[in-house]
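**Student:** Sequence below, structure please.
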Amino acid sequence: MKIVAPLNRSNEINSLIQAGADELYSGLVDYAQWQKFGGAGCINRRAETFSNLNSVDELRKSVDIAHRHNIPFVLTLNEYYDEAQCREAIHQAQIAVDNGVDAILVADIGLMLVLKEKFKRLKLYLSSCAPVFNSETISFYSNLGVSRIVFHRHLSMNELKELSSKVRGGLELEAFVLNERCYNIDGFCSFEHGKCTNIFGFKAQQHVKEAMKKYIRLFPQKILNRINNYLVKESHPCCFPFRQKTTNGFENVTLNTEKAFLYACGLCAIYELNSLGVSHIKISGRSMLTDQVKNIRLVKEALMLLENVADRNEFILGAEKIAKRFGRSCGPVYCYHRA
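**Tutor:** Have a look, this model is predicted:
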């Protein structure tokens, strides 16, 4: 199984590879795109400029470094588009191809059709933002030219078993194992996350990114967790409270708490994911203040454990110990892919 890790700061790429990343993915939001669309019109699912690479030059350098280490590089174009955004996505796909990107993560069917026709050798990976619930959907996207399915985060292990048993023709499978688990299904979510980022302009976010480049791994993870919790609780649309009518009147409800949203974990599922033929396991968190090097090492240890256990129960006990040693909490509220 290969570890798929997020990249948003090009100066960290060597550290991510040395920690054990087998594949990298990132978005691209440059100044020209921000001027056209702002955060609300971002053409990938992470609107903050500090969650993306911010120039073609930065993308080119990142791809070159990855390829020198034989690491594939994937560009995210995993939104749904109006006509103007789709033109921008096609333009960005051309930039990606020109600079050696290995694959593009897609959700929009119209974009898939254009990219399949325009770039015949380019690999297309189906984003979790286009959820797959049955074998007919797998066949549909496979016929559109998709070579990998990224399963969405809400599938139980039983559902993953059923879906993976229907896969034919060398289609690759990928599943989430760390960070960010929303109660909303990505492909059905109609929140506009980018509106929050419009409070700060491109240049202001660049200053934030520069600070993150220098100091992100100098802070203890507990401090970073507190900052993440505060930012998500205060401003993230997935954690907005709403009023719901009950038998006793009205009450305030929040589907996601900041901890349940941010710190999801699927390490225990790796044993079964491996047996199902899942070839890639994904670390989320392009927009999180977190030490991704530490996250990669955590998943890497779990994969090493996989090679040295007799059965599933032994693996789960070992995975829980690894998670706790890295400061991760265990429990149903955090858990991906439960039965």
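**Student:** Quick check: phi and psi at Tyr25.
**Tutor:** phi -130, psi 150 (degrees, to the nearest 10).
**Student:** show me the contacts for it.
**Tutor:** Tyr25 sits next to 4-7, 73-76, 105 when contact means CB atoms under 8 Å, 6 or more residues apart in numbering. Placement of C-beta: from N, CA and C, glycine included.
**Student:** Now do it against Arg68, distance only.
**Tutor:** Counting by CB to CB, to the nearest Å, the gap from Tyr25 to Arg68 is 18 Å.
**Student:** thinking Arg9 is in contact with Ala211, fair?
**Tutor:** No: contact criterion CB atoms under 8 Å: Arg9 and Ala211 do not qualify, at 10.8 Å.
**Student:** Model confidence at the nearest residue to Leu178 once chain neighbours are set aside, what's the number?
**Tutor:** Computed as CB to CB, 6 or more residues apart in numbering, the closest residue to Leu178 that is not its neighbour in sequence is Ile283, at 4.6 Å. Listed pLDDT for Ile283 reads 96.
**Student:** what helices or strands is the strand or helix carrying Val4 leaning on?
**Tutor:** In this assignment (DSSP states H and E), Val4 forms part of strand 2-6. Packing contacts for strand 2-6, counted by 3 or more CB pairs under 8 Å, 6 or more residues apart in numbering; DSSP states H and E, involve strand 23-26, strand 280-283, helix 292-306.
**Student:** name the helices or strands packed onto the last one?
**Tutor:** Which is helix 292-306. Checked by 3+ CB pairs under 8 Å, 6+ apart, helix 292-306 has strand 2-6, helix 13-19, strand 172-178, helix 270-275, strand 280-283, helix 312-325 packed alongside it.
**Student:** Go again with 10 Å.
**Tutor:** Helices and strands touching helix 292-306, as assessed by 3 or more CB pairs under 10 Å, 6 or more residues apart in numbering; DSSP states H and E, comprise strand 2-6, helix 13-19, strand 172-178, helix 221-235, helix 270-275, strand 280-283, helix 312-325.
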